[in-house]
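A.B. asks: sequence-free structure coming up:
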């Protein structure tokens, strides 16, 4: 009975234009979801309003059936044309990670998207800092890294410079798609919301200009434990334990 309610809710949402679904051919019905035993696939456009409608329906299904969605075993598959920042926003809304499925993109063995972990270390006593950028492909393989000693007036300035340096590196390497990952939440929030932080306004302006020059660029926050490599490289560089590259 609960499954029938779920199907009815999805069909109603599609009729009212709240969820688009997909059509495999012009003359066939729209498909909004597929059910396989205990699994379900939802089909929708990468729009926030459709996501919130899907969440509403899933919550109503949970209330009716007592079954809760296991987010750890759930994931999202995007079309190739969905921008990186849109993907990041959807992941945050849904609380799920992206699943990389080569047969969907048709790019097995081809690098489509890179992620750049950025971090910085800072010494207030010397007004010096060090930036670190670690770029990987979508399979997690290391592509390149960069570390650099800099002059900085604050830790935030050093973090912002690391983000700026990552975009310069991506531009120089002709990377078409790049996701910048930083553990500095205020900085990420400012960049994603297109706002400025006074002490690093000039750097953020550069970040906006560089991001606009790339065909597909996004920004996301990662916890410190997810940024350990870049953090370690920055600290070693500041301590003089690494050669700049």
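C.D. replies: Okay, I see it. Bear in mind the structure is a predicted one, so any value in this text is a computation, not a measurement.
A.B. asks: where's residue 195 relative to residue 93, distance?
C.D. replies: 20 Å (C-beta to C-beta, to the nearest Å). To be clear about C-beta, it is placed using only N, CA and C from the backbone, and glycine gets the same treatment.
A.B. asks: For the two, indicate the residue with more neighbours.
C.D. replies: Ranked by neighbour count (other C-beta atoms under 10 Å), residue 195 and residue 93 place residue 93 first, with 13 against 10.
A.B. asks: May I ask which helix or strand encompasses the residue most central in space within the chain?
C.D. replies: The centroid of the chain falls nearest to residue 88 when counting by C-alpha atoms, centre = their mean (3.3 Å). In the assignment (DSSP states H and E), residue 88 maps to helix 84-94.
A.B. asks: Show me which residues of that helix are buried.
C.D. replies: Within helix 84-94, the residues that qualify as buried are 84, 85, 86, 87, 88, 89, 90, 91, 94, counting by 16 or more other C-beta atoms under 10 Å.
A.B. asks: Closest to residue 178 out of those?
C.D. replies: Nearest to residue 178, judged by C-beta to C-beta, of the buried residues of helix 84-94 is residue 84 at 7.4 Å.
A.B. asks: correct me, but that closest one touches residue 211?
C.D. replies: No: counting by C-beta atoms under 8 Å, residue 84 sits too far from residue 211 to count as a contact (10.3 Å).
A.B. asks: hey, what's in contact with both of these two?
C.D. replies: residue 217 (C-beta atoms under 8 Å, 6 or more residues apart in numbering).
A.B. asks: Quick check: what element follows the worst-scoring helix or strand of the chain on mean pLDDT along the chain?
C.D. replies: The helix or strand of the chain with the poorest confidence is helix 102-105; it has a mean of 45 (mean pLDDT, DSSP states H and E). Sequence-wise, the next helix or strand downstream of helix 102-105 (DSSP H and E) is strand 114-123.
A.B. asks: residue contacts, residue 85?
C.D. replies: 192, 217, 218, 219.
A.B. asks: try it again with 6 Å
C.D. replies: Going by C-beta atoms under 6 Å, 6 or more residues apart in numbering, residue 85 touches residue 218.
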